[in-house]
Each structure stands twice: as structure tokens, then as C-alpha cells.
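In: Whatever this is, show me its structure:
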Amino acid sequence: MKKLIILIALLNILYAKYYPNALFAHVSGVASNDTLSVRLNPNWRSRKIAELPPNAYVGVDECIKLGHSNWCRVHAVDINLGQDPGYDDTLFGWVNARYLKFSSRGYVAIRGKKECNYAVSCSGGKCRVANVYSDVTMKNNKIVAIKTKSYSRRVLKGIGELDIGGSEGYPCNRRGLDVNFYLSKHHTSKISAMSSAENFLKALRSKNLSKIKSYIHPIKGIEITNKLFFSEAGSIHFSRKSFARSYKSNSKLNWGRSYGRGNMVKKGLKSLLAQFTRPIYRISKVKILNRLKGFSGVGNLKGYEFYWQGRGKEAAYNWQGIVVIVQKYHDKWYIVGLLRDRWTI
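Out: Just a heads-up that it's a prediction; the model follows:
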């Protein structure tokens, strides 16, 4: 038995732990007359140290994949409604993740600080968090706006309102309930993908670098090409920082060869984008793209092409466009791809 315990302990060191996007979970899939076992280690053979009743509310610290199973280390938190959780509030152990229903919304401690911070959403190892006082705008006793800041999931711990402490009763004055109600009515995902694409083009047109940067994907950056497809040679990837640096310097970059004579196109980023967007005030229609012009990427992606009519005698047959690829991240649509489309029928 001792050898088995030592072996399990050694194996646990080798298993890669990860921080899930979820900060909380409810026990799910357990019969009403049954409980979920909490283990000392992430293994069904490990010693049982506690039991969770159906629908128990817990905080999620980290998870691990063990064979075909996922295990998560959890801790007990108050459910923010004042009820007795019905189990040991010193709970700290591992449960099988198949019996957890995850959530990313609730009170959080940031690096152990028990302030009134509320997580709105988590994705890609980052969470959007608002202080329920300093980041919330009230009018007539109702929330009208919420600002959020981005934090690494690793520095956050899900807690309950009554776990915050500070004063008697509810230290956050039940503001979390108001925040949840506001989010359900004014979820940030209602800012459409197309609106983000349109606002990005307006920022490009006005040459407002700070606004342009705010629309670029904070993690994946943006891919820009002077070709008709992203998959062609000459496509350049920028992070937010490298984009700003290249835009300010406007140093010449290599955008591949032109389609006509095959000459090498060398142009500064700012100059190229000015050429892209000079005629966008004449945009007359927008098309949703079913295929993303060779853009490669995973996740929630959408593409739009904004068209404008040419000028001169052949204006009716001469059209140009600009393709914008957007991706959803933390309930907001960011720009990840941009190209200039042009053709004459």
C-alpha cells in the first residue's frame, strides 16, 4: 500500500497542471441521494477527505489530466446569497471534473487581496475583472456602465461575498447581484463583430493610433497583406506593440511582389494602410464572407468585405474592397486580419 501511495505521488509530479478558464463550479450529475468524493490527490484511489452534496458551489484552483479523466482542485466558497454551503468550509481537495458545471463569474481575490472584485468572464488564460465600486458607474441606483481590467487567471482565486470580510453583513452590499443583472441585460457581446470591423476602419481612416491599437487582438495581434489572400507570400504579422512601432516609424516593409509586373512592393505600414482606406468613405455595401480569404486560425472567427465603387467611365464595373477578419475574445470582437481587395470586371 505504501509503495502504491509513493508511486501515485511521483506520478502526480509528472502530470502537467493547468489553470482552467473557470473560477467556480457547481456539482452536477450526482444523484440527489448521493455525494461527490473529494480526494487528497487527483486519483480515485487517493484517500477521501470530504464529500460534496449535489449542486454544491466551489471555487476551482487548477486542473490536471490523468489518463482519460480530468481532475480539479477545489475549495469551498459561499454562494454569495448567504446560505450555509452545507459542507466543510475548510475543504481543499481534488474532484473528478466530469461532475462539475463550470462558471467564470463571481467574486475573486487578486493575489490574496480580499477586495470587492468581480470576475465578468475568462478566456485564453485571462479574466476580465471589475471592482464593484470603483469600476461601476451608477445612475438612479442602477448600474449604467462597467469597466473591466484584464488579469492572468493564475493570480485570481474564486471567493464568496462573505469570504471578503471587512465589515459586518455583506461587505460589498450585494453589488454582485446588480452586476450580474446588468451583464444579463447589457452583455458586451452585443457589440457586434461587424461594428468592431466598421469602427476599426474609421480609426484607420482617421489615423488615430491609440484607437487602432485598441481594436487589434491583444494576444494574437493582426495579420496584414497587400495580396488578395492571406495565404500568399508577403503577409506580415504584427503584435499590438510591433504594429505601433512600425506605424510610427513608417519604415519600408517587404509586402511581396505585385501581381502585374512582379516588382517587389516596399512600403511603410502607415502609407500602405492610408492607401487601403483612402476611399472607404465611399463604401456602399458590406458582404459577410463564408470563406476567410485564406486566413488560417482557430476559434470564433468572422470575415467582412466592405465594397466601394470605382470612378471614371468604367466606375459601374470597377469595384474595390477591404477585407476585415475579426475574432471574439473576452466577449469582445478584435481585428486579426486585414487585406485590400481589388478587381475590375
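In: And the strands in the stretch 51-200 of the chain?
Out: All strands of the stretch 51-200 of the chain, identified by DSSP state E, counting those that start in this stretch, fall at 57-66, 69-76, 92-96, 100-103, 106-110, 113-123, 126-131, 136-139, 142-146, 149-152, 156-158.
In: I'd like to know the average pLDDT value across the fifth one.
Out: Yep, that's strand 106-110 we're talking about. Mean pLDDT, strand 106-110: 90.
In: cool, and the shortest one?
Out: Over the span of strand 156-158, the pLDDT mean works out to 91.
In: could you say what helices and strands that strand packs with?
Out: strand 57-66, strand 106-110 (3 or more CB pairs under 8 Å, 6 or more residues apart in numbering; DSSP states H and E). The C-beta positions use only the backbone N, C-alpha and C, and glycine is treated the same way.
In: measure the residue nearest to residue 54 when sequence neighbours are not counted to residue 61 for me?
Out: Counting by CB to CB, 6 or more residues apart in numbering, the nearest residue to residue 54 once its immediate chain neighbours are dropped is residue 30, at 4.7 Å. Here residue 30 is placed at a distance of 20 Å from residue 61 (CB to CB, to the nearest Å).
In: Next, work out how far apart residue 132 and residue 104 are.
Out: Residue 132 sits 16 Å away from residue 104, going by CB to CB.
In: Count the neighbours of residue 231 for me.
Out: By other CB atoms under 10 Å, the residues close to residue 231 number 12.
In: again with residue 139
Out: 8.
In: next one: the one 3 residues further on
Out: For residue 142, the neighbour count with other CB under 10 Å is 10.
In: Now do the contacts for it.
Out: Listed by CB atoms under 8 Å, 6 or more residues apart in numbering, the contact partners of residue 142 are residue 178.
In: For residue 155, see how far away it is.
Out: Taken as CB to CB, the span from residue 142 to residue 155 is 31 Å.
In: where along the chain do the helices fall?
Out: Secondary structure of the chain, counting by DSSP state H: helices at 2-14, 175-185, 193-206, 209-215, 240-249, 269-277.
In: The ones you listed: lowest mean pLDDT?
Out: helix 2-14 - the lowest mean pLDDT of the helices of the chain, at a mean of 47.
In: With only the CA atoms kept, save stretch 26-34 in CSV.
Out: The C-alpha trace of stretch 26-34 is given here as CSV (Å, rounded to 0.1, in the frame of the first residue of the first chain):
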residue,chain,number,x,y,z
HIS,A,26,-21.4,23.6,-9.2
VAL,A,27,-21.5,19.9,-8.5
SER,A,28,-23.6,18.3,-11.3
GLY,A,29,-24.6,14.9,-12.4
VAL,A,30,-24.7,13.5,-8.9
ALA,A,31,-27.9,11.8,-7.7
SER,A,32,-30.0,13.6,-5.1
ASN,A,33,-29.2,11.0,-2.5
ASP,A,34,-25.5,10.7,-3.4
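In: and it, how far from the chain's centre?
Out: Centre-to-centre, stretch 26-34 and its host chain are 30 Å apart (CA atoms, centre = their mean, to the nearest Å).
In: quick one: contacts of that stretch?
Out: In contact with stretch 26-34 (CB under 8 Å, 6+ apart) are residues 36, 52-58, 95, 98-101, 103.
In: Pick out the lowest-pLDDT one from these.
Out: residue 55 (81).
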